[in-house]
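> Please find the sequence and the predicted model below.
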Amino acid sequence: MTVETPNRVIKQHLIDPEICIRCNTCEETCPIDAITHDSNNYVVDVDICNSCMACVPPCPTGAIDNWLRVVAADAYSLEDQYSWSELPAEQELPAEAVETSADEAAAVSDEAAAAVADNDVTSELEGLPSTAAGASIPPWSAAHPYVNLYTHKNIATVTVAGNYRLTEADTDNAIHHIVLDFGELPFPVLEGQSIAIFPPGTDEQGRAYHARQYSIASPRDGERPNYNNLSLTVKRVTTDYDGKPVSGVCSNYLCDLQKGDKVKVIGPFGNTFLMPNLPHSNLIMICTGTGSAPMRAMTERCRRLTKNKAFNGKLMLFFGARTERELPYFGPLMNLPKDFIDINLALSRASDKPKRYVQDLIRERADDVLELLDDANTCIYVCGLKGMETGVIEALKDTVEGAGRNWPEVHAQLKSQGRLHFETY
Ligand code: A2P
């Protein structure tokens, strides 16, 4: 424990509100609930944060990685942080300020490391936050991503090249495929990365809306091969998580866009949910709804490579939707050759079939899943509803334990090798 010294200087952990895209990753990742948010900002409680750094690698923008030297007694409160629109400059410290000694700093970081390690062990089966369930590093062969090329201080303006509804018009589920053209603007992306979009207008307090994050649905060489464009899969949000009617600010803006409209974009973001870059790699892709965006990107990347005889790995897809008519990309997916991708559709509200979730199908296909898991060239990607995360982990655990194997060991290996990735919301 550190001994409290008057005027002790600390490095206060703060989140840069100008860069933060409010994706909630840090709050989900923090093992000790030091991070919270209001409608304006994500903030760090100085009385709880132990500088364990668990939140730093998963942050897509780097907004989380800010440390200001302050006298502990004058540390910024949550109220201070909620009110900020930018980080304060570092203040000059008073002459009587006492720097933390190297020993004290080491003790704090040892405590923090122990807290993270404890959390990792005890939370093995408890519905973990994304980063605890999955890897915080990409597979070793992943291509190196560019991140943060465009930021709040340097926003890209791009043009809508197309906007198509993917789900049947008579269903409640309006999911759109939106193509953005970057023209001459350099914006290199990889499958699994995301961008963020600024909806126009202001919130109830008159502040400009924050950017909203969307996964890219097209491969690295463009929605149209060798064009500087990319696509997004966007669901029009009309209700909140409890089913109460709300109008999603950015999703409605995007779904209403017309060809030729201009859109403000920042990014790219994401340096872990990346595909292996090997011809003989295998992908197990598990998604629901718009979580299909990165899976479409990866599948299309592999399809283009296969055409050039540059890919011969196995693809296995578990895709959850209410009905076939509400499953984005249903038509194109069904046209893919059976020997190219093994497609498993989990329909939860089909009138003629029993309710199925992706985790049910993983269990049904346990032998084939296990065979792929045992191949070191296999990576697993999970994207979609937050609720599926625990279910998928449980299904993988049952699959592995059903073969008499040790799940915590397999799970730890998948994470340390960057082979298991979650992106849920
Ligand atoms: P449900 O019919 O129970 O809502 P959505 O259309 O809302 O984006 O959902 C996509 C699919 O994910 C639906 O089939 C939905 O089923 C399913 N789903 C909902 N909760 C879970 C969960 N906890 N695990 C897996 N799938 C889920």
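Okay, I see it.

> so where do the strands sit in the stretch 201-350 of the chain?
212-215, 229-235, 262-269, 282-288, 315-321, 341-347 (DSSP state E, counting those that start in this stretch).

> what helices or strands is the helix or strand just after the last one leaning on?
It refers to strand 341-347. Using DSSP states H and E, the helix or strand that follows strand 341-347 in sequence is helix 358-364. Helices and strands touching helix 358-364, by 3 or more C-beta pairs under 8 Å, 6 or more residues apart in numbering; DSSP states H and E, are strand 282-288, strand 315-321, strand 341-347, helix 388-402. Where you see a C-beta, it was placed from the backbone N, CA and C, and this is true even at glycine.

> longest strand of the chain?
Under DSSP state E, the strand in the chain containing the largest number of residues is strand 156-165.

> What strands line up against that one, and which way round?
Within its sheet, and counting by DSSP bridges, strand 156-165 is paired with strand 175-181 (antiparallel), strand 262-269 (antiparallel).

> So what touches the very next helix or strand once past the first one?
Read it as strand 175-181. Using DSSP H and E, the helix or strand that follows strand 175-181 in sequence is strand 194-198. Defining contact as C-beta atoms under 8 Å, 6 or more residues apart in numbering, one finds that strand 194-198 is touched by 21, 60, 155, 189, 208-216, 230, 232, 250, 254, 263-270.

> which of these are buried?
Those of the contacts of strand 194-198 that meet the buried threshold are 21, 60, 189, 210-216, 230, 232, 250, 254, 263, 265-270, by 16 or more other C-beta atoms under 10 Å.

> V369: helix or strand, and which one exactly?
Going by DSSP H and E, V369 is in helix 366-373.

> and the next element down the chain from that helix?
Counting by DSSP H and E, what follows helix 366-373 is strand 378-384.

> who's in contact with A366?
398-399, 402-403.

> in terms of contact, does N377 touch N312 like I think?
No - counting by C-beta atoms under 8 Å, N377 sits too far from N312 to count as a contact (11.1 Å).

> where does this protein come near the ligand, residue by residue?
Residues of the chain lying close to the ligand (C-beta under 6 Å from any ligand atom) are 173, 288-289, 320-322, 348-349, 357-358, 385, 387-388, 391.

> Can you flag the buried ones in the residues you listed?
Buried members of the residues of the chain next to the ligand, counted by 16+ other C-beta under 10 Å: 173, 288-289, 320-322, 348, 357-358, 385, 388, 391.

> Give me the nearest residue to the one residue in the stretch 51-200 of the chain that gets nearest to the ligand, chain neighbours excluded.
The stretch 51-200 of the chain approaches the ligand most closely through N173 (5.5 Å), counting by C-beta to the nearest ligand atom. Closest residue to N173 apart from its sequence neighbours, by C-beta to C-beta, 6 or more residues apart in numbering: E326 at 4.2 Å.

> looking at it, the one you found is touching E168, isn't it?
Yes - using C-beta under 8 Å, E326 is in contact with E168, at 7.2 Å.

> what sits in contact with each of those two?
Joint contacts of E326 and E168 (C-beta under 8 Å, 6+ apart) do not exist.

> which of these two has more neighbours?
Set E326 next to E168 and count neighbours by other C-beta atoms under 10 Å: E326 wins out with 22 against 14.

> what's near enough to touch the more buried one?
Contact analysis of E326 by C-beta under 8 Å, 6+ apart lists 167-168, 171, 173, 175.

> From these, which land in strands?
I175.

> Take the contacts of E326 and lay them out in a markdown table including pLDDT.
Shown next, in a markdown table, are the contacts of E326 (pLDDT from 0 to 100):
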| residue | pLDDT |
| --- | --- |
| T167 | 94 |
| E168 | 93 |
| T171 | 91 |
| N173 | 91 |
| I175 | 97 |
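
> Identify the farthest-apart pair in the contacts of E326.
Farthest apart among those by C-beta to C-beta are E168 and I175. That separation is 10.1 Å.

> Let me see the confidence value for L327.
L327 is assigned a pLDDT of 95 by the prediction.

> Report the beta-bridge partner residues of the nearest residue to it once chain neighbours are set aside.
Nearest residue to L327, sequence neighbours excluded (C-beta to C-beta, 6+ apart): A321, at 3.7 Å. Taking DSSP bridges as the rule, A321 bridges to L347.

> buried sites along stretch 64-80?
64-66, 68, 70-72, 75-76.

> Stretch 410-423 now?
410-411, 414-415, 418-423.

> Quick check: mean pLDDT of it?
Stretch 410-423 comes out at a mean pLDDT of 97.

> Contacts for it, please.
With C-beta under 8 Å, 6+ apart as the criterion, stretch 410-423 contacts 124, 130-131, 133-140, 142, 192, 215, 272-273, 291, 294, 373, 376, 378-383, 389, 393, 396-397, 400.
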